[in-house]
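Peer 1: sequence and predicted structure are below.
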Amino acid sequence: MQTVQLRDRRQITLPPKIVAECNLQVDDELSIRVRDGVIELTPIARKLQAPVDVSQYLGAVKCYGSTPEEMDAYIRAERDSWDR
């Protein structure tokens, strides 16, 4: 069992292990309630972000080739040109 301390302004810091285990992130919301003298914190489901429109990137890598083989060959040639 881990402990926390109530600070000035009634704040607590959650232990890193708990934050990681619950996959919490900055600005996540938690609901809080007291049940039989026990304080319960429950993460509220995050709102899903809108999908990113990747169409603005279409064609950005045409110089590498139009097939996976051409792209691999381009990258291989670039790596071979590096000074090692």
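Peer 2: Received, thanks. Numbering: from 1, shown residues only.

Peer 1: regarding the most centrally placed residue in the chain, what is its secondary structure?
Peer 2: Centroid-nearest residue in the chain, with C-alpha atoms, centre = their mean: Q25, separated by 8.1 Å. Judged by DSSP: H, G, I helix; E, B strand; the rest coil, the three-state class of Q25 is coil.

Peer 1: give me the phi and psi angles of it.
Peer 2: phi -130, psi 160 (degrees, to the nearest 10).

Peer 1: could you check the pLDDT of it?
Peer 2: Here, the pLDDT recorded for Q25 equals 89.

Peer 1: ok, now the one 3 residues further on?
Peer 2: pLDDT recorded at D28 is 89.

Peer 1: for it, give me its contacts.
Peer 2: 43-44, 46 (C-beta atoms under 8 Å, 6 or more residues apart in numbering). Every C-beta, even on glycine, is put in place using the N, C-alpha and C of the backbone.

Peer 1: turn the residues you listed into a markdown table, including pLDDT, distance to A20 and secondary structure.
Peer 2: Listed next are the contacts of D28 as a markdown table, based on pLDDT from 0 to 100; distance: C-beta to C-beta, whole Å; DSSP: H, G, I helix; E, B strand; the rest coil:
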| residue | pLDDT | distance to A20 | secondary structure |
| --- | --- | --- | --- |
| P43 | 91 | 13 | strand |
| I44 | 90 | 18 | coil |
| R46 | 73 | 16 | coil |
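
Peer 1: per-domain residue ranges of this structure.
Peer 2: Segmentation of the chain into domains, based on automatic domain parsing, reads 8-43, 54-84.

Peer 1: who wins for proximity to Q2 among these?
Peer 2: Set against Q2 and scored by C-beta to C-beta, those come closest in domain 8-43, at 4.8 Å.

Peer 1: buried set for the closest one?
Peer 2: L24 (16 or more other C-beta atoms under 10 Å).

Peer 1: end to end, how far does that domain reach?
Peer 2: 24 Å (C-alpha to C-alpha, to the nearest Å).

Peer 1: cool, and stretch 34-54?
Peer 2: First residue to last in stretch 34-54 (C-alpha to C-alpha) measures 45 Å.

Peer 1: what do you get for stretch 17-30?
Peer 2: Stretch 17-30 end-to-end distance (C-alpha to C-alpha) = 17 Å.
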